[in-house]
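Dropping the sequence and predicted coords here.
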Amino acid sequence: CLSLNDTIAEAYNGLGLAYHGMGKSPIVPIEAIKKLFKIDNYTKAEKQFLHAIRLKPDYLDPQYNLGVNYLSKGGNNNYHKAVEALKKVLARDSKFKDADFVLGTAYLQLKDYTNAEITFKKAIKANRTVGKAMLKLSNVYLYTGKNKEATHFYYEGILRLRDVKTWNDIYAELRDIMKPEERKEFKNLSVESKGKFIYKFWRAKDPTPTTEENESFIEHFQRVQYARQHFPDVIPPYYDDRGKIYVKYGPPDARYVSRLYGNGIKSNESWSYEKSIGKGVTFDFVKKGMSYNEVHDLSEAVPAGVNYNTRIQIMRRLYYERAGFTESYDKFSAFGRINGSTLSDFQGERIIAYKKAPATVYHYKPEEKPLPFIYNIAEFKSPSDNRTKTEVYIGVSGNYLKFIPAQGGVLTTLKYSMVVQDSNYVSVYNRKKQTAARANSPAEVHNRLILYQENFILPKGNF
């Protein structure tokens with residue numbers, strides 16, 4: 001088109017979109033060289049958008065696309081350019097596409113949380129990209145320590161989200177902390193149903209389900225940010241296999257970084273969660289390219305092309321240096337004992353341990369505050385199976401309750417929630433109750449307990 005007529009602004013805008021759509025090179029060193037010489041796709045796109053704007057200053061599409069392009073290109077200088085480009089668009093048309101959402105995202109990248117919050121709230125109020133804007137607003141509150149607000153807008157955002165790409169990004173972050181059956185169910189859901197699924201997923205993990213803040217969700221977000229900073233990767237979810245394990249279980253109980261690398265031997269390390277989760281829960285990682293991969297055994301750290309005997313010798317040395325790291329690795333303490341049988345026993349114990357390990361572990365520590373009621377528990381264990389009938393007796397002081405006049409005396413309505421959780425704070429039962437208490441007069445219940453009872457049938461375990 002431009003070879004026939006090089007004055008068509010729409011053609012330059014289209015060419016810019018084509019370059020922008022090609023994005024970054026998947027090979028990081030090549031992309032760095034391209035950026036250095038300004039021959040990367042985003043720089044090419046920028047030139048086309050600017051040319052279109054010069055030809056047709058009132059044409060808002062290239063101005064908007066320029067802002068999106070700067071945001072994709074990344075770096076503080078480009079984020080500032082994105083802000084300026086998008087502000088120009090909104091000055092002309094305050095309802096142009098999702099310019100306010102993109103502007104808020106640029107502010108968020110610049111850590112300008114005040115302007116990001118204002119901009120995302122405007123997008124929500126204008127009823128544009130509501131789901132995505134609420135999720136970004138949740139991020140603003142997570143970064144600024146407003147955990148209650150962060151949880152609220154996350155829940156609201158996922159229930160309204162209909163954008164497939166954003167759902168793919170969310171799934172990339174949650175995949176590793178889901179059970180296999182949860183992953184399968186989520187993939188088969190429609191876009192409209194995914195939000196309800198994720199809402200229930202996080203509500204089940206909330207250690208304090210009667211409050212608005214979800215501590216498990218907050219800890220997960222903090223782990224994701226740490227993983228992206230310390231174990232980065234270039235593809236979603238932007239952390240390597242070490243980050244994947246960190247997001248699932250948090251910091252390892254022990255971490256061993258091998259001293260044996262170089263001369264073709266790849267960097268390698270091992271993590272252990274044997275104290276916090278169970279014996280055999282260990283992980284080996286080997287650096288391949290720019291990131292670390294979880295490996296079945298450390299032979300993958302051995303250089304390619306070496307003969308079989310040399311390969312076995314190097315692998316033995318890698319395991320031998322880990323002897324004494326944790327109990328599981330102690331079997332490699334005698335250099336000569338590292339044979340196929342020893343290694344297969346080690347790997348077998350690890351496979352069993354993985355199957356027993358939970359999908360994820362959080363480290364919520366409840367505040368120890370006195371409860372505003374008295375309670376007691378009785379357990380009646382079944383002789384025929386592993387179930388236990390658990391009765392919880394609750395006594396609420398009449399001094400805490402407000403009675404109002406009613407026919408024949410006074411009346412109060414007590415609302416309460418009763419939650420039973422397993423040792424990983426996953427809810428087994430979650431009941432909400434509303435019950436009435438009657439008396440002839442307020443004086444009758446002064447300094448007295450009003451009694452309630454809840455019954456549960458629990459399987460074997462700790463709750």
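Received it, and whenever you're ready, just let me know what you need. Numbering: from 1, shown residues only.

Asn115 sits in which helix or strand?
Under the criterion of DSSP states H and E, Asn115 resides in helix 113-125.

Tell me which other helices or strands whichever helix or strand comes after that helix touches.
Later in the chain than helix 113-125, the nearest helix or strand by DSSP H and E is helix 130-143. Where contact means 3 or more C-beta pairs under 8 Å, 6 or more residues apart in numbering; DSSP states H and E, helix 130-143 is packed against helix 99-109, helix 113-125, helix 147-160, helix 164-174, helix 215-230. C-beta here means a position set from N, CA and C on the backbone, and glycine is covered the same way.

Try it again at 7 Å.
For helix 130-143, the packing partners by 3 or more C-beta pairs under 7 Å, 6 or more residues apart in numbering; DSSP states H and E come out as helix 99-109, helix 113-125, helix 147-160.

how far does that helix sit from the chain's center?
For helix 130-143, the separation from the chain centroid amounts to 14 Å (computed by C-alpha atoms, centre = their mean, to the nearest Å).

and it, C-alpha only, in CSV?
The C-alpha trace of helix 130-143 is given here as CSV (Å, rounded to 0.1, in the frame of the first residue of the first chain):
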residue,chain,number,x,y,z
VAL,A,130,-14.0,-3.5,34.7
GLY,A,131,-12.7,-7.0,35.5
LYS,A,132,-9.1,-6.2,34.3
ALA,A,133,-9.2,-2.8,36.0
MET,A,134,-10.3,-4.3,39.3
LEU,A,135,-7.5,-6.9,39.2
LYS,A,136,-4.9,-4.2,38.5
LEU,A,137,-6.4,-2.1,41.4
SER,A,138,-6.0,-5.2,43.6
ASN,A,139,-2.3,-5.2,42.6
VAL,A,140,-2.0,-1.5,43.6
TYR,A,141,-3.4,-2.3,47.0
LEU,A,142,-1.1,-5.4,47.3
TYR,A,143,1.9,-3.3,46.6
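
related to what we said a few turns ago, just the CA atoms of the helix holding Asn115, as PDB, please.
Provided in PDB are the C-alpha atoms of helix 113-125 (Å, rounded to 0.1, in the frame of the first residue of the first chain):
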ATOM      1  CA  TYR A 113       0.500   4.000  43.000                       C
ATOM      2  CA  THR A 114      -1.500   7.100  43.700                       C
ATOM      3  CA  ASN A 115      -2.100   7.900  40.000                       C
ATOM      4  CA  ALA A 116      -2.600   4.200  39.200                       C
ATOM      5  CA  GLU A 117      -5.300   3.900  41.800                       C
ATOM      6  CA  ILE A 118      -7.100   7.100  40.500                       C
ATOM      7  CA  THR A 119      -6.900   5.900  36.900                       C
ATOM      8  CA  PHE A 120      -8.200   2.400  37.500                       C
ATOM      9  CA  LYS A 121     -11.100   3.700  39.600                       C
ATOM     10  CA  LYS A 122     -12.000   6.000  36.700                       C
ATOM     11  CA  ALA A 123     -12.000   3.000  34.300                       C
ATOM     12  CA  ILE A 124     -14.200   1.000  36.700                       C
ATOM     13  CA  LYS A 125     -16.600   3.900  37.200                       C
END
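
can you tell me how far the nearest residue to Tyr452 once chain neighbours are set aside sits from Asp422?
The spatially closest residue to Tyr452, leaving aside those adjacent along the chain, is Ile394, at 4.5 Å (C-beta to C-beta, 6 or more residues apart in numbering). Distance, Ile394 to Asp422, by C-beta to C-beta, to the nearest Å: 21 Å.

more crowded one of the two?
Set Ile394 next to Asp422 and count neighbours by other C-beta atoms under 10 Å: Ile394 wins out with 18 against 14.

what bridges to that one?
Counting by DSSP bridges, Ile394 forms beta bridges with Tyr375, Tyr452.

That one: what's it in contact with?
Phe373, Tyr375, Tyr452 (C-beta atoms under 7 Å, 6 or more residues apart in numbering).

Now that we have those residues, which of them are buried?
Buried members of the contacts of Ile394, scored by 16 or more other C-beta atoms under 10 Å, are Tyr452.

if we can go back for a sec, the residue nearest to Tyr452 and Asp241: what is the separation?
For Ile394, the distance to Asp241 (C-beta to C-beta) stands at 47 Å.

got it, and Val191?
29 Å.

Show me which positions of stretch 323-337 end up buried.
Ala323, Phe325, Thr326, Ser328, Tyr329, Lys331, Phe332.

tell me the least confident of those?
Of all these, Lys331 carries the smallest pLDDT score, 82.

what helix or strand is the nearest residue to that one once chain neighbours are set aside on?
Spatially, and ignoring its direct neighbours in sequence, Lys331 is nearest to Thr342 (5.8 Å; C-beta to C-beta, 6+ apart). Per DSSP H and E: Thr342 is located in helix 340-356.

again with Ser270
strand 268-272.

unless I'm mixing things up, the residue nearest to Lys331 is touching Ser333, no?
No. Counting by C-beta atoms under 7 Å, Thr342 stays clear of Ser333, with 10.5 Å between them.

for the residue nearest to Pro209 when sequence neighbours are not counted, phi and psi?
Counting by C-beta to C-beta, 6+ apart, Pro209 lies nearest to Val419, which is 5.3 Å off, once chain neighbours are set aside. Reported as degrees, to the nearest 10, the phi and psi values for Val419 are phi -120, psi 130.
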